[in-house]
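**Student:** would you be able to build a 3D model of this:
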Amino acid sequence: MRYLLPLACAVTALTSLSAYGAISVPTIGTVISENFNAIPAPAAGSNSSTSTLPTGWLSNVGNSAYRGITESGGSASTNRWLSLHATGVTNEQAVGTGDSNNPGYIGVGLKNNTGSTINSITLSYTLEQWSVGANGWTVAYAPGVDAVTSGTLTNVGTWATTTPITTGSGSLNGNLAANKVSVISQTLTGLTWNSGTDLTIRWSRNAVGSAVIGIDDVSIAFGVTAPAYSVSMTATAQAGFTRRDDLTDIIDNLDSGTGTDPQRVVMGIEVDGLNDTPANAVKGSVLVSPSPSNLGRTYVAMWLSETTAGNIASLIGTLDDTSGYYIRGLSSGDTEITAAEWNNVQAVLGQTGTFGNFNVLLAFDNTSNGFFNWDFTDAGVGVEAVAVIPEPASLTLLALGGLGLLVRRRARAA
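**Tutor:** A predicted model of the protein is given here:
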């Protein structure tokens with residue numbers, strides 16, 4: 001036994017979910033949940049009582065859209081969305097359809113207000129089957145909040161479900177475990193959902209007129225893909241990395257960084273600005289000369305700026321999880337780089353004029369690779385300068401050897 005409560009006999013032509021208010025996603029950690037239990041059930045025996053779907057939700061059957069609920073004690077009828085619940089139970093509801101003439105859609109409009117680009121959506125929900133037959137939900141997404149009734153949607157295979165009871169006839173209680181199928185924490189990745197824009201998730205009934213099905217217990221979570229920040233020492237310059245090693249620009253620093261002149265970063269001798277705009281140097285490759293000796297430890301000192309306080313610390317935290325090198329900042333990072341090592345490197349480099357000391361130090365052990373490469377894309381930092389120097393045993397000799405450290409960086413406005 002069941003009650004099938006059609007959604008709104010009063011038809012409202014609808015072209016956009018925004019008229020009903022897309023649900024805000026204020027932070028990455030937000031989880032949007034809906035069990036439809038708060039929808040007021042119409043009075044028993046009434047065909048006129050109405051109620052609305054939750055904010056942001058829109059149902060559609062065929063070319064008409066419905067918003068609201070009226071009581072019907074019988075089976076599904078044409079152009080109806082239904083509140084599905086067991087006899088006498090109104091505090092455990094699902095929303096679905098059994099229309100024998102039209103496919104059914106139901107969707108939720110979401111707005112990204114996180115300030116970040118969302119790269120993944122994790123969806124959980126339950127298909128409830130309220131009559132026997134082969135059917136199911138295909139779930140898709142699309143930019144914009146009008147995609148329930150229009151627009152181009154992309155199906156997500158791992159979000160789809162099919163009915164468990166396909167043979168026989170008659171009504172079912174969709175609240176029973178045997179008549180349910182759940183999608184649990186299935187994640188869509190590779191998404192680019194920019195902050196300030198809308199997105200629709202839509203459930204589409206697979207078959208017309210076969211089995212009454214509903215959705216319940218929806219949960220939607222959002223994520224940001226871990227950034228692919230990297231540093232490395234390689235034998236050759238990495239493909240796709242801009243060489244930033246012109247040495248002919250004694251006074252100016254070229255933004256292009258595409259010259260073929262001798263290396264810009266010279267081991268233990270030179271600290272050089274990378275270009276006029278530090279933000280343009282978030283990805284680059286420099287030749288170290290002479291190459292490391294494959295004995296001991298090679299240090300890379302970096303001068304980074306940040307667009308927002310905490311970006312450098314966050315970058316260090318991400319890079320600190322990678323093997324093959326050590327990294328340390330002013331207040332965080334690998335303890336394998338000791339304070340004594342930091343001070344030794346600083347003693348060799350000295351102060352860099354108006355720019356002060358470096359704020360990130362990396363260490364590579366026993367390498368003979370001659371290129372240092374970095375990719376800090378989207379980290380919110382600028383790379384102002386790089387210096388590469390040898391292991392501590394050579395630092396004192398380098399400092400006292402009469403090389404006359406050339407510590408030159410182009411002064412920039414803060």
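**Student:** and residue 369, what does it touch?
**Tutor:** Residues in contact with residue 369, defined by Cβ atoms under 8 Å, 6 or more residues apart in numbering, are 233, 234, 235, 291, 292. Backbone N, C-alpha and C define where each C-beta goes, glycine included.
**Student:** quick one: residues contacting residue 312.
**Tutor:** 304, 306, 329, 359, 360, 381.
**Student:** excluding its backbone neighbours, what's nearest it?
**Tutor:** residue 306 (4.9 Å; Cβ to Cβ, 6 or more residues apart in numbering).
**Student:** the one you found reaches residue 383, doesn't it?
**Tutor:** No. With contact defined as Cβ atoms under 8 Å, residue 306 does not reach residue 383; the gap is 11.0 Å.
**Student:** compare these two (neighbour count), which wins?
**Tutor:** More crowded of residue 306 and residue 383, by other Cβ atoms under 10 Å: residue 383, with 24 against 16.
**Student:** check for me that that one belongs to a strand.
**Tutor:** Yes. According to DSSP: H, G, I helix; E, B strand; the rest coil, residue 383 belongs to a strand.
**Student:** who does it form a beta bridge with?
**Tutor:** Note on residue 383: beta-bridge partners residue 304, judged by DSSP bridges.
**Student:** hang on, isn't it packed against residue 286?
**Tutor:** No. When contacts are counted by Cβ under 8 Å, residue 383 is not listed as touching residue 286 (10.2 Å).
**Student:** ok, the closest residue to residue 191 other than its chain neighbours - contacts?
**Tutor:** Distances taken as Cβ to Cβ, 6+ apart put residue 119 closest to residue 191, at 5.4 Å, once the chain neighbours are dropped. Contacts of residue 119 were listed using Cβ under 8 Å, 6+ apart, and they are 189, 190, 191, 192, 193, 223, 224, 225.
**Student:** show me where the stretch 1-150 of the chain has its helices.
**Tutor:** Using DSSP state H, counting those that start in this stretch, no helices are found in the stretch 1-150 of the chain.
**Student:** quick check: residue 222 vs residue 230, distance?
**Tutor:** Noted for residue 222: a distance of 25 Å to residue 230, by Cβ to Cβ, to the nearest Å.
**Student:** nearest to residue 110, of the contacts of residue 119?
**Tutor:** residue 193 (8.6 Å; Cβ to Cβ).
**Student:** just give me the neighbour total for the nearest residue to residue 227 once chain neighbours are set aside.
**Tutor:** Once flanking residues are discounted, residue 227 sits nearest to residue 378: 5.9 Å by Cβ to Cβ, 6+ apart. A total of 11 residues lie near residue 378 under the criterion other Cβ under 10 Å.
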